[in-house]
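Peer 1: The amino acid sequence is not available; the structure is as follows:
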């Protein structure tokens, strides 16, 4: 049974973790186009010009072509204690976004994390009316202030522009300690309503030391009835993916940060979205051009913008399942996500309540898990010992009915009932810690609270140990658990081989995993050794002898 347990654990670990290391995410099934093929969004071939309109002097499109490139677009900086946003007067678009509380770890890039790349299309606005397109991204706006400092009461940046009979006004409403701000706009002189197209792509700027891991996390996440994540890896260059709404929010995500547009409570939702695959860096998708559509009745629109960290509690406060933008568990989400959320909440609570570094929080958490599971592990060990005690009878039954499987099954069940033994009693409790371990793998891969957090010699709990000390300690602790667990067990060549193979395999597998995960697993293993020793002594009492590893 111990051998079966070890094999089950090994297979479960390999199935749960190796796919994320060896293979890119599977391509999600394409959903039907939310709009007919003749609609502006459905007809989008490129992110630059979404609708081709005939040039007629009496059309909105003709007015929109009255572009004045002679005036250089001024920048307006909006700052608060937690962010510094730079907007361009050309279209009122966002050019840069620095987060004061988060550093960039990218090679050659130091200082606050800057999330907006130079080629960004984020908050590029285009208004479609019939066959005409109002390219607001090219309009020269006048700002209500040359710079803006957001105080405790908030602040508003207003934009105005006019071309011929058309007048456009926009307002951005900011709060000092919130990465969420509101956008509202109106167009006067329109013959009715229209459709607003909002650019989100092509990506969030890379600010992680592990650039490959960050790029692998790139994706567009949408929330209709449920959330759907389309990874950039699922889009070939130039490939178009139509996403059907209506959506409560549409977001671009990296490993730890998110840029999103959100519908306001009670307002019209986003009608749909289009993602077009961009260029790749090697085999990894580096970007995708994403456009979101929002109906504009009467020439007016409102929505919210979030540009900041994927902090679970902060996202949860926004509502509408916005915290689900962080896809804990991938294909294992129904099982892993509840554990991951619970673990994150527990670790945050321990950090805030006990005022301990996250490294010591993980040490205490590993000990606490073993204490909580002590009764179940005790039951498992006793069940295993009972199974060993009836091995001679089991062997006799197997030899007697080896040619009659049905009778063999009946006699084995009778034997279990006679001795009060549950054949699975020794296996299932030992597998209970596995969901915690799997969940922690995804927690450290996606939870920004551990990003850049040092502990002892470890520079970052969310990244691998550069000295490989903690994976080696984890492997040795696993060997110790197995060694003590074989005390008093009849000699078995296969189990003896697993004593060495499993720790070596897990050490190699965990070398590049987050050091925080290795720390937890090492502490958990070490904490289980005393219980294994006590069970070994009970096992030896049945056969006589002193504790001696087999």
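Peer 2: It's in. No experiment lies behind these values; they were computed from the predicted model shown.

Peer 1: Residue 512 - that's part of a helix, no?
Peer 2: No: Residue 512 is assigned coil when assessed by DSSP: H, G, I helix; E, B strand; the rest coil, not a helix.

Peer 1: who are the neighbours in contact with residue 367?
Peer 2: For residue 367, the contact set (Cβ atoms under 8 Å, 6 or more residues apart in numbering) comprises 523, 524, 527. The way it works is simple: take the backbone N, C-alpha and C, and place the C-beta from them, glycine included.

Peer 1: Next up, identify which helix or strand it is on.
Peer 2: helix 358-389 (DSSP states H and E).

Peer 1: Quick check: buried residues in the next helix-or-strand element following that helix?
Peer 2: For helix 358-389, the following helix or strand on the C-terminal side (DSSP H and E) is helix 391-400. Buried residues in helix 391-400, defined by neighbour count with 16 or more other Cβ atoms under 10 Å: 394, 397.

Peer 1: and what of stretch 177-196?
Peer 2: Across stretch 177-196, burial judged by 16+ other Cβ under 10 Å covers 178-187, 190, 193-196.

Peer 1: same question, stretch 434-442
Peer 2: 435, 436, 437, 438, 439, 440, 441, 442.

Peer 1: Ok, stretch 79-88 next?
Peer 2: For stretch 79-88, the neighbour count (16+ other Cβ under 10 Å) marks 79, 80, 82, 83, 84, 85, 86, 87, 88 as buried.

Peer 1: How far does it sit from its chain's centre?
Peer 2: Relative to its parent chain, stretch 79-88 has a centroid offset of 25 Å by Cα atoms, centre = their mean, to the nearest Å.

Peer 1: quick one on the thing from earlier: and the two most separated of the buried residues of stretch 79-88?
Peer 2: Pairwise distances across the buried residues of stretch 79-88 (Cβ to Cβ) peak at 21.7 Å, for the pair 82 and 88.

Peer 1: And the spatially closest residue to residue 148 that is not a sequence neighbour, its phi and psi?
Peer 2: Leaving aside its sequence neighbours, residue 148 sits nearest to residue 78 (Cβ to Cβ, 6 or more residues apart in numbering; 4.5 Å). Dihedral angles of residue 78 (phi, psi; degrees, to the nearest 10) stand at phi -110, psi 120.

Peer 1: got the residue ranges for the strands in the stretch 101-250 of the chain?
Peer 2: Per DSSP state E, counting those that start in this stretch, the stretch 101-250 of the chain carries strands over the ranges 112-114, 125-129, 132-134, 142-143, 147-149, 155-163, 166-174, 180-188, 194-199, 219-223, 227-231, 240-247, 249-253.

Peer 1: count of neighbours near the residue nearest to residue 455 when sequence neighbours are not counted?
Peer 2: Spatial nearest neighbour of residue 455, excluding adjacent residues (Cβ to Cβ, 6+ apart): residue 359 at 2.8 Å. A count of nearby residues for residue 359, using other Cβ atoms under 10 Å, gives 17.

Peer 1: Flag the shaky bits of this structure, pLDDT-wise.
Peer 2: Within the chain, the ranges that satisfy pLDDT under 70 run 1-73, 282-283, 327-333, 378-390, 419-433, 486-496, 539, 541-550.

Peer 1: so what's the residue of it positioned farthest from its centre up against?
Peer 2: Going by Cα atoms, centre = their mean, the residue of the chain most distant from its centre is residue 400, 54.9 Å out. Counting by Cβ under 8 Å, 6+ apart, residue 400 makes contact with residue 411.

Peer 1: hang on, isn't the residue nearest to residue 455 packed against residue 519?
Peer 2: Yes: using Cβ atoms under 8 Å, residue 359 makes contact with residue 519 at a distance of 6.7 Å.

Peer 1: Can you pull the residues that touch both of these two?
Peer 2: By Cβ under 8 Å, 6+ apart, the residues touching both residue 359 and residue 519 are 455, 458, 461.

Peer 1: Tell me the one among the residues you listed nearest to residue 417.
Peer 2: Out of the shared contacts of residue 359 and residue 519, the member with the shortest distance to residue 417 (by Cβ to Cβ) is residue 461, at 48.9 Å.

Peer 1: My guess is the closest one contacts residue 515. True?
Peer 2: Yes: contact criterion Cβ under 8 Å: residue 461 and residue 515 qualify, at 5.7 Å.

Peer 1: These two: who's more crowded?
Peer 2: Comparing residue 461 with residue 515 by other Cβ under 10 Å, the one with more neighbours is residue 515, at 31 against 28.

Peer 1: That one and residue 81, how far apart?
Peer 2: Separation of residue 515 from residue 81 (Cβ to Cβ, to the nearest Å) stands at 31 Å.

Peer 1: and if you look at residue 205?
Peer 2: Using Cβ to Cβ, we find residue 205 at a distance of 22 Å from residue 81.

Peer 1: in the stretch 301-450 of the chain, which spans are helices?
Peer 2: Ranges of helices within the stretch 301-450 of the chain are 312-318, 333-354, 358-389, 391-400, 405-419, 428-431, 433-446, based on DSSP state H, counting those that start in this stretch.

Peer 1: for these, which one sits closest to residue 290?
Peer 2: Each of the helices of the stretch 301-450 of the chain has some distance to residue 290 by Cβ to Cβ; the shortest is helix 312-318, at 19.2 Å.

Peer 1: now for the closest one, which elements pack on it?
Peer 2: helix 333-354 (3 or more Cβ pairs under 8 Å, 6 or more residues apart in numbering; DSSP states H and E).

Peer 1: in the helix it packs on, what's buried?
Peer 2: Neighbour counts using 16+ other Cβ under 10 Å place 333, 336, 337, 339, 340, 341, 343, 344, 347, 348, 350, 351 of helix 333-354 among the buried residues.
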